[in-house]
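1. model this:
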Amino acid sequence: MSSLREFSIRVDNSTAVYSPGDTITGEVFVDLNEAQTCRGISLRFKGKAKVKWVENRHSSNNRRTYLAEENYFGTEVYVVGASHGEIQLVGGQHIFPFTFTLPLNIPNSFTHEYGDVVYSIKAVMDIAWALDPETCLTLTVYSPFDLNQAPSHAIEDELHEEYCWCVLPCVSEGFMEAQIYIPKSSCAVGDQLDVFIEIDMNSPSVDIFGIELRLKQILEFHADGRTKTQSETVERSTNNGPFERNTRINLRLQVPSVLHSGLQHCNLINIMYHLGIKFLVSDCHCDTKKYYAIMIGAKSTVPTEEQARPIPPASAPSDLEIMGIPSIPLVPIPGMIGDSTAISETLNPPPYASAPPIGFQIPNPSAPVDPTVATMPPPSYESVMAEEVKK
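-> Predicted coordinates for the structure are as follows:
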């Protein structure tokens, strides 16, 4: 359409990253060369998940497509005009503000070859008997997985591996025993995963020349009763040997910036993580591998029991105060340790206002300011004391 110079969606958040329950505030911007007749301009808010993949069955000519979708919300509202009738927008610039509150139980944004979770805002100019101009803005929703939902526990395991002679498999070359201890089964992005291994090698001819840690991400896509699985190693750490026959080793692996476990509130896509331990052995013997499930999420911001402990009462007067020598008062700095007011407000915040309703809202104009109230002077000290005497 030649009369349309610009048609865009702008949001106040420059990164367009939101959390569940956040309110999106923005505007639809229209710049016209000349007057344009249309039914109106609509906004479509949508959040959905979709998975799709194709499999060959028995032959390349027999292919089946697996497809599934899951909708989280879908709302369409006209910011100007309606679905019937016509209006005329004069030439020049037009701004139509809007707000939209995201639901609480929605999954994190996700993109992959076989599936995605997408949130978007689309503006459409509805023109009768013509191609409707439209513009779209993709939003990113960050929905962290709270590790309090998956209490961590220690992982303890024992390995026993027999080794045989490569030429005569019936001839034993001894065995290896290993005690594995992982202090925690859940961690946050950026944390260190510690692995403690105690090795007892009872083989004179087999050596362990390396131990490798691997953090593997496993993705599951569900559609039509079938599951498509994809996995990749997102982080690894290797400790090169050779090691002594009887030794204790401490291995570490840092958790990289990855999506959190589970992709909660989504029934079509699942994210899992496995920590793999691989013993690299000499000669023709097979390496020993073992995997353990690990949960990755976000650290909770809720104060612990130790942090929420009430502030102790003031201490007894010092010896100087008893002798009549006043002590120098310490003036607390707001926000620092020792400021009881700041601590109390942090541990006991004021009640929050009621959450806004989910969906589209038209912003209300600000209430006018009453000049008599705005210019009214504060009460004097004498008037306040007089009121106290009356009481």
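2. Return the per-residue confidence for residue 179.
-> As predicted, residue 179 sits at a pLDDT of 92.
3. Then it would be within a strand, right?
-> Yes. The assignment for residue 179 by DSSP: H, G, I helix; E, B strand; the rest coil puts it in a strand.
4. Please report how far it lies from residue 5.
-> According to Cβ to Cβ, to the nearest Å, residue 179 and residue 5 sit 71 Å apart. (Each C-beta comes from the backbone N, C-alpha and C, glycine too.)
5. same thing with residue 125?
-> For residue 125, the distance to residue 5 - Cβ to Cβ - is 13 Å.
6. For the two, indicate the residue with more neighbours.
-> Neighbour totals were compared for residue 125 and residue 5, and residue 125 leads with 23 against 13 (other Cβ atoms under 10 Å).
7. ok, and the closest non-adjacent residue to the more buried one?
-> residue 133 (4.7 Å; Cβ to Cβ, 6 or more residues apart in numbering).
8. Could you pull up the residues touching the most centrally placed residue in the chain?
-> Note on the chain: the residue nearest the mean C-alpha position is residue 144, at 2.9 Å, using Cα atoms, centre = their mean. Residue 144 makes contact with 108, 260, 297-298 under the criterion Cβ atoms under 8 Å, 6 or more residues apart in numbering.
9. ok so, going back, show me whatever sits in contact with both of residue 125 and residue 5.
-> With Cβ under 8 Å, 6+ apart, residue 125 and residue 5 have no common neighbours.
10. Residue 48 reaches residue 69, doesn't it?
-> Yes. Under the criterion of Cβ atoms under 8 Å, residue 48 makes contact with residue 69 at 6.1 Å.
11. ok, these two, which is more surrounded?
-> For residue 48 and residue 69, the more surrounded residue by other Cβ under 10 Å is residue 48, and the numbers stand at 16 against 12.
12. And what about that one, helix, strand or coil?
-> Residue 48, by the three-state scheme (three-state DSSP), is strand.
13. Residues in a beta bridge with it, which ones?
-> Beta-bridge partners for residue 48, by DSSP bridges, are residue 71, residue 118.
14. can you pull the contacts of it?
-> 69-72, 74, 117-118.
15. what does residue 44 give?
-> Here residue 44 is in contact with 74-76, 121-124 (Cβ under 8 Å, 6+ apart).
16. With residue 41 instead?
-> Residue 41 touches 28, 30, 78-81, 96, 123-126, counting by Cβ under 8 Å, 6+ apart.
17. could you dump the helix or strand that it is a member of to PDB, C-alpha only?
-> Here residue 41, judged by DSSP states H and E, is contained in strand 40-57. C-alpha atoms of strand 40-57 as PDB (Å, rounded to 0.1, in the frame of the first residue of the first chain):
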ATOM      1  CA  GLY A  40      -9.600  -0.700  11.800                       C
ATOM      2  CA  ILE A  41      -6.300  -2.000  13.200                       C
ATOM      3  CA  SER A  42      -6.300  -5.200  15.300                       C
ATOM      4  CA  LEU A  43      -3.700  -6.600  17.700                       C
ATOM      5  CA  ARG A  44      -3.300 -10.400  18.000                       C
ATOM      6  CA  PHE A  45      -1.500 -11.700  21.100                       C
ATOM      7  CA  LYS A  46      -0.500 -15.400  20.800                       C
ATOM      8  CA  GLY A  47       1.500 -17.900  22.700                       C
ATOM      9  CA  LYS A  48       1.800 -21.500  21.500                       C
ATOM     10  CA  ALA A  49       4.100 -24.600  21.200                       C
ATOM     11  CA  LYS A  50       4.400 -26.700  18.100                       C
ATOM     12  CA  VAL A  51       6.400 -29.800  17.300                       C
ATOM     13  CA  LYS A  52       6.800 -31.400  13.800                       C
ATOM     14  CA  TRP A  53       9.100 -34.000  12.300                       C
ATOM     15  CA  VAL A  54       9.000 -36.500   9.400                       C
ATOM     16  CA  GLU A  55      10.000 -40.100   9.600                       C
ATOM     17  CA  ASN A  56      10.600 -42.700   6.800                       C
ATOM     18  CA  ARG A  57       8.700 -45.900   7.400                       C
END
